[in-house]
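Got a predicted model here, sequence first, then my questions.
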Amino acid sequence: MLDFHLLKALHTAAGPRTLDVRLALAPGELLALSGPSGAGKTTLLRLLAGLDRPDGGFVRFGEHPWYDQQARQWLPPQQRPLGFVFQDYALFPNMTVRENLAFAAAGPPGAGPLVAELLELLELGALAGRRPGALSGGQQQRVALARALARRPRLLLLDEPLAALDLPTRLRLQQVLADVHQQFGLTTILISHDPAEIARLATRVVELELGQVRQQGPPPPAAPGPLLGRVVAVLPGGGLRVQLPGGAEADVPAPPGRACAPGDELPLTVGVA
Amino acid sequence: MPPDYWQTLQLTLVLAASTTALLLLLGVPLAYWLAYARFRAKPLVEAVVSLPLVLPPTVIGFYLLLAFSDDTALGHFLINTLGLSLNFTFAGILVGSVVYNLPFMMQPLQAGFQQVPRSLREAAYTLGKSRGTTLWRVLLPNMRPALLSGAVLTFAHTLGEFGVVLMIGGNLPGRTRVASIAIYDEQQSLHYAQANAYALTLLGLAFGILVGLFYLTKRDATRRLF
């Protein structure tokens, strides 16, 4: 599906290095990139997206060459069918949520229904008329994801999309990401430092260090045992307010077929609402 | 009220408005280029653009006057090929104003382009948008305060234009006579009341424009938060 070998000069804290990474991704794979800062993770995503020019190598997506140094081929980002979610979300402040999505979807016919579908899928309907400046971090993150999907990409590149969010929001968006990856038939590369997140989402982890692949393989299993939350209150309407291990609180739907009272311990799956 | 007060005032305002419009058309592409392009001669281009800030207006006026005259290659071409005789005409003082005000438009615009986060531009590219679409739909709408400051500064600065206009245009009522030249002219003829009428008008306009600018940019800044 995605097959690349990329070379690029890196300026790291340890002096100049060369990013030199060769990887192949199968269709539907969700690859996590991890490693210390300065390892070249963001650079690698930017090279794949065509936002920076590599010094050498190639990028092939399916049958299509996106970049080939020897053949002097280079597709600009506009012509690569990918979605990029930036670390700072990069939502257009002059447009509402709906306009951000519509701008991204403009072009292919049937964009209108897609925008509506994405607004619903990512639970953005109530926020559609708002501007990004009036949204929380988690909401902006969902808009950024929806906007990247509005172009119907085949490759999704995510630069630490969840790093800045609190734990409940992060857990919830991990589920959204997993769903979206499945539902849109995407091949995804995700930069993440969170072992639990990687264990939950990724099919493979690649660890970079100073521009090289240090190790790769299936993600190590998550911390043993299910994540437990303590019920703080039963909310009107049947939901539960749960305190998570980190001390943060989240509202979750009550597990079916089980009555809960404050003080109960509850195993939490990824799907914290 | 001086006899040709309204005529002079109208000419002054038309000159300021035309200069602003032309400089917006010229300044946006030029500032875009200077803000994002990387090339070795960039400091040179930036210095040329900023030159009118430090040069005496009479120097600019003098060289434009020479350039527009039939004695130079450019002037010869303008007059004989394009039929454009620029010295002592409104078109001439308009060109002079555009040159002289270039830095007043360019500095806010260039800063404005640089202040739009790079990721916004890149996000538009990854969404398949061309540079033109990105400029029009993403960059310009997100640098409205810069566009406003550039336009207002240029307009206000052209109202007070003196040296360049006098050198190129002289003092022809209804054609090249602007308010600041009228002030000088009336004062030389010891018509202090007439000079005062013009001076007071320019003072009021300048103050009003600046108040309007600060009010608008403040409102724009608060509106962008919500």
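Perfect, thanks for sending it.

For the longest helix along chain A, give me every contacting residue.
Longest among the helix segments of chain A by residue count, using DSSP state H, is helix A:167-183. Under the contact criterion Cβ atoms under 8 Å, 6 or more residues apart in numbering or on different chains, helix A:167-183 has outside partners A:30, A:121-122, A:137-138, A:141-142, A:145, A:149, A:156, A:158, A:161-162, A:165, A:186, A:188, A:190, A:194, A:197, A:200-201, A:244, A:246, A:248-250, A:268, A:270-273. Quick note: C-beta positions are derived from backbone N, CA and C, even for glycine.

and if you look at stretch A:64-80?
With Cβ under 8 Å, 6+ apart as the criterion, stretch A:64-80 contacts A:4, A:48-51, A:53-54, A:56-61, A:84, A:155, B:122, B:125-126, B:128-130.

Apply the buried test to those residues and list what passes.
Among the contacts of stretch A:64-80, those buried by neighbour count (16 or more other Cβ atoms under 10 Å in any protein chain shown) are A:4, A:48-51, A:54, A:57-61, A:84, A:155, B:122, B:125-126, B:128-129.

Now, these that are in strands?
Residues of those located in strands (DSSP state E): A:4, A:57-61, A:84, A:155.

can you redo the residues you listed as a markdown table with pLDDT?
Shown next, in a markdown table, are those (pLDDT from 0 to 100):
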| residue | pLDDT |
| --- | --- |
| A:Phe4 | 96 |
| A:Gly57 | 95 |
| A:Phe58 | 95 |
| A:Val59 | 96 |
| A:Arg60 | 95 |
| A:Phe61 | 95 |
| A:Phe84 | 96 |
| A:Leu155 | 95 |
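
Pick the one among the residues you listed closest to chain B.
Taking Cβ to the nearest Cβ as the measure, chain B sits nearest to A:Phe84 out of these, at 4.1 Å.

which ones are touching that closest one?
A:45, A:49, A:51, A:77, A:148, A:157, A:159, B:122-123, B:126.

quick revisit: list the contacts of whatever helix or strand comes next after the longest helix of chain A.
Next along the chain after helix A:167-183, taking DSSP states H and E as the criterion, comes strand A:187-191. Contact with strand A:187-191 is made by A:1-2, A:25-34, A:41-42, A:45, A:48, A:154-161, A:177, A:181, A:201-202, as judged by Cβ under 8 Å, 6+ apart.

distance between the ends of stretch A:140-159?
Using Cα to Cα, to the nearest Å, the end-to-end distance of stretch A:140-159 comes to 14 Å.

circling back to that earlier point, next, the angle from the longest helix of chain A to strand A:187-191.
Orientation of helix A:167-183 against strand A:187-191 (axes from the mean of the first three to the mean of the last three Cα atoms, to 10 degrees) gives an angle of 160 degrees.

in helix A:167-183, what counts as buried?
Of all the residues in helix A:167-183, those buried under the rule 16+ other Cβ under 10 Å are A:167-178, A:180-181.

Spell out which parts of chain B neighbour chain A.
The interface of chain B toward chain A, taken as Cβ under 8 Å from any Cβ of the partner chain, is made up of B:117, B:119-120, B:122-130, B:137-138, B:141-142, B:224-226.

Could you rerun that using 7 Å?
With the criterion set to Cβ under 7 Å from any Cβ of the partner chain, chain B comes near chain A through B:117, B:119-120, B:122-123, B:125-130, B:137-138, B:141-142, B:224-226.

At which residues are the helices of chain B located?
Using DSSP H, helices in chain B cover B:5-36, B:42-54, B:57-68, B:73-76, B:90-115, B:118-126, B:131-134, B:144-159, B:163-169, B:179-188, B:192-225.

Dump those to JSON lines, plus mean pLDDT.
Listed next are these as JSON lines, based on pLDDT from 0 to 100:
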{"stretch": "helix B:5-36", "mean pLDDT": "96"}
{"stretch": "helix B:42-54", "mean pLDDT": "94"}
{"stretch": "helix B:57-68", "mean pLDDT": "93"}
{"stretch": "helix B:73-76", "mean pLDDT": "89"}
{"stretch": "helix B:90-115", "mean pLDDT": "95"}
{"stretch": "helix B:118-126", "mean pLDDT": "96"}
{"stretch": "helix B:131-134", "mean pLDDT": "95"}
{"stretch": "helix B:144-159", "mean pLDDT": "93"}
{"stretch": "helix B:163-169", "mean pLDDT": "92"}
{"stretch": "helix B:179-188", "mean pLDDT": "93"}
{"stretch": "helix B:192-225", "mean pLDDT": "84"}
